[in-house]
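In: Quick one, structure for this:
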Amino acid sequence: MSIAKNIFMVITSPKLGWEGVNESVTPTQKVLSSGLYPVLAVLAIASFVPYIYNPTDWTLSKLLIHAIIEFTSFFASYFLISYLIGGFYPRLVKTPSATVRLNNFIIYNQIYLALLEICNNLLDNAFTPLYFMLIYVCVLVHKGALHYLGIPNDKKLIKFVLITSGMLILIPLVIRYLLGFMMS
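Out: Sure, this is the predicted structure:
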């Protein structure tokens, strides 16, 4: 299966999507270069859209800073989340193939979050239902943990879903806030 099809399937039907990702053994570098990086490039371009709706509040320098912050928040959080999950759950990074699976798992979830941020940038005002779509990350993480990472369905799974979902949502937001604070 192609990476674009995997992304679509993971988002629309998480169980089937993660099973498809499991069948198509793709190296992390390919998922990054064909999945996450292009989505982050579109995110950076979409960061210039607010100028169309409100040209008096946005200058070119503000838009450029906004694009850099958006891109960097997801780019840096991928590495930080990978490191933290590997530290919290060392069994997920025991072998090189297990590390590839964990990294791909993080990438597919981050692509979903980046697509939400693209939609947020394309809209004129904050669209509240879009923020509720963040809850769907818990579903993606749960199904991915069961059907892709092979974590057994017990109390450890719930803990993994909560910790990982929290990291996937909060770390990019914290990085975005810190960069925005330092650049303002």
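
In: Going by C-alpha atoms from here, please, whenever you check contacts or count neighbours.
Out: Fine.

In: Run a quick neighbour tally on Leu134.
Out: For Leu134, the count of nearby residues is 16 (other C-alpha atoms under 10 Å).

In: From Ile45, how far out is it?
Out: 22 Å (C-alpha to C-alpha, to the nearest Å).

In: try Asn104
Out: Relative to Ile45, Asn104 is positioned 24 Å away (C-alpha to C-alpha).

In: Which parts of this protein are helices?
Out: Assigned by DSSP state H, the chain shows helices spanning 3-12, 14-23, 28-31, 37-46, 50-53, 60-88, 96-122, 128-132, 136-147, 155-183.

In: Report how many residues lie close to Pro129.
Out: Count around Pro129 with other C-alpha under 10 Å applied: 8.

In: which residues touch it?
Out: By C-alpha atoms under 8 Å, 6 or more residues apart in numbering, the contact list for Pro129 is empty.

In: Would you mind measuring from the residue nearest in space to the middle of the chain to Leu64?
Out: Per C-alpha atoms, centre = their mean, the C-alpha nearest to the average position across the chain is that of Gln110, at 1.0 Å. The spacing between Gln110 and Leu64, counted by C-alpha to C-alpha, is 22 Å.

In: Give me the local confidence score for Ile135.
Out: Note for Ile135: predicted pLDDT of 93.

In: highest average neighbour count across the helices of the chain?
Out: Counting by mean count of other C-alpha atoms under 10 Å, helix 136-147 has the highest mean neighbour count of the helices of the chain, with a mean of 21.

In: From the centre of this protein, point out the most distant residue.
Out: Going by C-alpha atoms, centre = their mean, the residue of the chain most distant from its centre is Thr56, 31.2 Å out.

In: tell me the phi and psi of it?
Out: Phi and psi for Thr56, reported as degrees, to the nearest 10, are phi -80, psi -30.

In: measure it to Ile45 for me?
Out: 19 Å.

In: worst average pLDDT in the helices of the chain?
Out: helix 128-132 (a mean of 82).

In: send the alpha carbons of that one over as CSV?
Out: Taking C-alpha atoms only, helix 128-132 is exported to CSV below (Å, rounded to 0.1, in the frame of the first residue of the first chain):
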residue,chain,number,x,y,z
THR,A,128,-14.5,24.8,17.7
PRO,A,129,-15.5,21.4,16.3
LEU,A,130,-12.1,21.2,14.8
TYR,A,131,-10.6,21.2,18.3
PHE,A,132,-12.8,18.3,19.3
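
In: Distance from the chain centre to it, please.
Out: Here the centre of helix 128-132 is set off from its chain's centre by 16 Å, with C-alpha atoms, centre = their mean, to the nearest Å.
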